[in-house]
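> Sharing a model prediction with you, sequence too.
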There are 2 protein chains.
Amino acid sequence: MIGPLGESESFTPEPGTTLEHELVRLRRRLITEASYAIHMLESSLVALWEADADRAADVRAREDRVDEEEVAIEQECLRLMTLQQPFAHDFRLLTFCLKVNLDVERVADHASSIAKIARSLDRSVQTPWPTALRDMGDRVPAMCHDLLRAVLREDAEQAREVIGADKVIDQLDKRLFDEVKAWIAREPEAIDRGLLAYRVGRELERVGDLMANIAEDVVYLVTGTIVRHAKKRPGSVPRSAESV
Amino acid sequence: MIGPLGESESFTPEPGTTLEHELVRLRRRLITEASYAIHMLESSLVALWEADADRAADVRAREDRVDEEEVAIEQECLRLMTLQQPFAHDFRLLTFCLKVNLDVERVADHASSIAKIARSLDRSVQTPWPTALRDMGDRVPAMCHDLLRAVLREDAEQAREVIGADKVIDQLDKRLFDEVKAWIAREPEAIDRGLLAYRVGRELERVGDLMANIAEDVVYLVTGTIVRHAKKRPGSVPRSAESV
């Protein structure tokens, strides 16, 4: 049976035995990777605002590194699972790393999609990006940093804030729809850029979802309470891992 | 070290010991869940084409079941990991199940997003959905079924076809952009529906990506060759798990 971590129990393994030492290293490696992907996302947005094709090309070139690291981290998780008999909480941490690893690679994918759009823009034309999109472009990378801090500090409260921040992103995505509609109605020659702006909004909204997913897993790791999907069912009672 | 499955070794565990029996059950449970999510996706598309709000509401109501099952399947994977010392190939299968489980829940999420759009449509207005979107709406669920067959038959060849089919979806997504642009230019009053059509295209394109991801994992499970991300680097040589 998999119980939650007790109050005195941290999900950072104390370096001691080889496995614990390797888990600490794995966690550090994953955080480095996540920082790299977040930096790609920020850079793709700067490339978009400035229609900077060189910067955009640079983001796309960096995607390969994340792809390779994703495969390597997954192999490392598998190696640690089979290396020796880990404890239940080691498996929870390894499963957490596997999931975060997948989601980090997807953040890099979204950054790369935004960079692809940035690269296609004509630099000589100034684009009046919708306010809602600019706002999403500030908030989503900030959510990513907040989540990373929540992982580092094992801070369930901060993780819950990230889950809450995702609701604001969803509202901005709705506002973006209206802004894009008004923009195209006002300037029919802006159809291209309007559609692209809407598409960037979708990419950012999806990154927000990924962050909220990871944040839910952080809450689970720290408190043993499953909050996943609870936001969709406001009336539902969060389940404790103890009942599983 | 985690080697690939040998030629004579199947990734379906033979029922024998308790763990093997439980792994077969887990795999069946996951496939049932995936079929349910694919059915939701098909139903959301019918709701869209027919602007059928009732059917759309039904899809959204079914999302809760997938959400709950996702949590239960993940807990089951963790329970099996900690229950007894599984072999290396059991861990590979369990990791596969964890990843597919996440992706199945996301397919249900995308179906639900499409249903949300379907529910917002005015039934009295006939919508001339772009040809590329209709085509994606036929092909993406077909890819899902093909992938399920590849999983059931442990068929790497079929899995590779799914990876190939995803490239067609990406091309259709590009064609959809042009069709939507032309549509809005022709009928400015169709801005709303044009943006929604483009959005549905993005949802379907993302499901195609998820299927391609799982297909890559099927190839790895059956042949021990990592093909993940290889499609992005046409010049790169697929790595064998033996070298990891």
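Received it, and whenever you're ready, just let me know what you need. No experiment lies behind these values; they were computed from the predicted model shown.

> For the helix or strand encompassing A:Leu102, give the mean pLDDT please.
Taking DSSP states H and E as the criterion, A:Leu102 maps to helix A:88-119. When pLDDT is averaged over helix A:88-119, the result is 93.

> So which elements touch it?
Packing contacts for helix A:88-119, counted by 3 or more CB pairs under 8 Å, 6 or more residues apart in numbering or on different chains; DSSP states H and E, involve helix A:18-49, helix A:53-83, helix A:191-223, helix B:53-83, helix B:88-119. Every residue, glycine included, has its C-beta placed from N, CA and C.

> again, only using 10 Å
If you count contacts as 3 or more CB pairs under 10 Å, 6 or more residues apart in numbering or on different chains; DSSP states H and E, helix A:88-119 packs onto helix A:18-49, helix A:53-83, helix A:131-153, helix A:191-223, helix B:53-83, helix B:88-119, helix B:191-223.

> Could you pull out the buried residues of it?
A:88-115, A:117-119 (16 or more other CB atoms under 10 Å in any protein chain shown).

> Quick one: low-confidence residue ranges for chain A.
Applying pLDDT under 70 to chain A flags residues A:1-11, A:13-17, A:84-85, A:229-244.

> Now with 80, please.
Low-confidence segments of chain A, defined by pLDDT under 80: A:1-17, A:83-89, A:225-244.

> Now for the residue positioned nearest the centre of it: which residues touch it?
For chain A, the residue nearest the mean C-alpha position is A:Met211 (3.8 Å; CA atoms, centre = their mean). Neighbouring residues of A:Met211 by CB atoms under 10 Å, 6 or more residues apart in numbering or on different chains: A:38, A:103, A:107, A:140-141, A:143-148, A:150, A:159, A:162-163, A:165-166, A:169.

> thought A:Val59 was touching A:Arg119?
Yes: counting by CB atoms under 10 Å, A:Val59 touches A:Arg119, with 8.9 Å between them.

> Find residues that contact each of the two.
Common neighbours of A:Val59 and A:Arg119, using CB under 10 Å, 6+ apart, are A:44, A:47.

> roughly how far apart are the residue nearest to the centre of chain A and A:Leu152?
Distance of A:Met211 to A:Leu152, given as CB to CB, to the nearest Å: 15 Å.

> thinking again about what came up before, ok, which of the helices and strands packed on helix A:88-119 comes nearest B:Gln126?
Comparison of the helices and strands packed on helix A:88-119 against B:Gln126 by CB to CB identifies helix B:191-223 as nearest, at 10.6 Å.

> Mind checking what helix or strand follows that closest one in sequence?
Helix B:191-223 is succeeded, C-terminally, by strand B:225-226 (DSSP H and E).

> Neighbouring strands of that following strand in the sheet, and parallel or not?
With DSSP bridges as the test, strand B:225-226 is paired with strand B:239-240 (antiparallel).

> can you give me how far stretch A:63-82 is from the chain middle?
Here the centre of stretch A:63-82 is set off from its chain's centre by 17 Å, with CA atoms, centre = their mean, to the nearest Å.

> buried ones in it?
Using 16+ other CB under 10 Å as the test for burial, stretch A:63-82 gives A:63, A:66-67, A:69-71, A:73-82.

> now do stretch A:156-163
A:156, A:158-160, A:162-163.

> okay, these in JSON lines with secondary structure next?
Shown next, in JSON lines, are these (DSSP: H, G, I helix; E, B strand; the rest coil):
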{"residue": "A:Ala156", "secondary structure": "helix"}
{"residue": "A:Gln158", "secondary structure": "helix"}
{"residue": "A:Ala159", "secondary structure": "helix"}
{"residue": "A:Arg160", "secondary structure": "helix"}
{"residue": "A:Val162", "secondary structure": "helix"}
{"residue": "A:Ile163", "secondary structure": "helix"}
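
> Would you mind checking which of those is nearest to chain B?
Nearest to chain B, judged by CB to the nearest CB, of the buried residues of stretch A:156-163 is A:Ile163 at 14.8 Å.

> tell me, which of the buried residues of stretch A:63-82 make contact with chain B?
Near chain B, judged by CB under 10 Å from any CB of the partner chain, the entries from the buried residues of stretch A:63-82 are A:63, A:66-67, A:70-71, A:74-82.

> Would you map out the domains in chain A?
According to automatic domain parsing, chain A comprises the domains A:15-124, A:127-244.

> Return the residues in contact with the nearest residue to A:Thr127 once chain neighbours are set aside.
Leaving aside its chain neighbours, A:Thr127 sits nearest to A:Arg193 (5.5 Å; criterion: CB to CB, 6 or more residues apart in numbering or on different chains). By CB under 10 Å, 6+ apart, the contact list for A:Arg193 reads A:117, A:121-122, A:125, A:127-130, A:180, A:183-184, A:187.
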